[in-house]
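J.: take a look and give me a structure for this.
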Amino acid sequence: MRSERASLGLRAAAWGGLAFLHIPLALIVLYAFSAEDKSYVFPPPALTTQWFAVAFGREDVWRAIGLSLQVAAWSTLIALVLGTLAAGALARHRFFGRDSINLLLILPIALPGIITGIALRSAYGSFEIPFSFWTIVIGHATFCVVVVYNNAVARLRRLSPSLIEASMDLGADMFQTLRHVIAPQLGSALLAGGLLAFALSFDEVIVTTFTAGQQTTLPIWMLQELIRPRQRPVTNVVAVLIIALTFVPILLAYTLTRADEAPASR
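T.: Numbering: from 1, shown residues only. Purely as a prediction, here's the structure:
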């Protein structure tokens, strides 16, 4: 019997990749507890939790958190509606141009965020749309739709057509079939897609340059603080907060996805 254990070189490469990705995050967490307030010194001369109190006592931090949460919530809601409808239209029906539409739907997440930002900036200028809270939401929804769409379309393509046919044969109309057959099968995929979309929107940097007045989202607030540093550990505390708030939905989405794939793998 062939061993399924990975070779030493492959395991070393995997651990090296993980270290490359996560050591910088670990350093950010460490520096959030550093007693040094002007520069990054490793190892920190002393550890303290005072910067968490300082960060949570600043009104500009709370305003940025509130705006980021609102934008993420609205972007996720729009993505759930549009992504689900698009998946329902493209999952099982073949028509001329379907592949082109599918490509256009997933293109925003493949493009660099700065390209999307420039394109939206030009569009808003052409239609004389003033920058506001809703321009931020529209910008974030462009890539959040992709996440929901990919999850929903994958689940719909795995859904057996015989379940829908049996429901219709037993006298159920389209609404009843959608409610009792399709929705339960699609629920966990939409929940996972919504959680990923929320996390992606919450920590997005580029498109959030469309600020509403003097309001800024958390990533833009961090960029401004790095350009004009006053208390660098406070910026690190906010970075730790972003990591924590995005880690939870991503972990939940991963758990839901694994739970859905488990029966199929047996």
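J.: list the contacts for residue 168?
T.: Shown in contact with residue 168 (Cβ atoms under 8 Å, 6 or more residues apart in numbering): residue 177. Bear in mind the C-beta positions are built from the backbone N, C-alpha and C, glycine included.
J.: likewise residue 115?
T.: For residue 115, the contact set (Cβ under 8 Å, 6+ apart) is empty.
J.: from residue 101, how far off is it?
T.: Using Cβ to Cβ, to the nearest Å, one obtains 20 Å as the distance from residue 115 to residue 101.
J.: what pLDDT does residue 73 get?
T.: Predicted confidence (pLDDT) for residue 73: 90.
J.: which ones are touching residue 108?
T.: If you count contacts by Cβ under 8 Å, 6+ apart, residue 108 has them with 116, 142-143, 145-146.
J.: assign a three-state SS to it, would you?
T.: Remark: residue 108 carries the secondary structure label helix [criterion: DSSP: H, G, I helix; E, B strand; the rest coil].
J.: output the lowest mean pLDDT helix or strand found in the chain.
T.: Comparing helices and strands within the chain by mean pLDDT, DSSP states H and E singles out helix 218-227 as the least confident, with a mean of 68.
J.: how far does stretch 185-202 sit from its chain's centre?
T.: Counting by Cα atoms, centre = their mean, to the nearest Å, stretch 185-202 is centred 8 Å from the centre of its parent chain.
J.: and the contacts of that stretch?
T.: Outside stretch 185-202, the residues touching it (Cβ under 8 Å, 6+ apart) are 68-69, 71-73, 75-76, 79-80, 83-84, 140, 143-145, 147-152, 154-156, 159, 163, 218, 242, 245-246, 249-250, 252-253, 256-257, 259-260.
J.: in that stretch, what's buried?
T.: Of the residues in stretch 185-202, those buried under the neighbour-count criterion (16 or more other Cβ atoms under 10 Å) are 185-186, 188-202.
J.: and the longest helix that the chain contains, what other elements does it pack with?
T.: Ordering each helix of the chain by length in residues (DSSP state H) puts helix 232-265 first. Packed against helix 232-265 by the contact rule (3 or more Cβ pairs under 8 Å, 6 or more residues apart in numbering; DSSP states H and E) you find helix 8-32, helix 50-56, helix 59-90, helix 183-202, helix 218-227.
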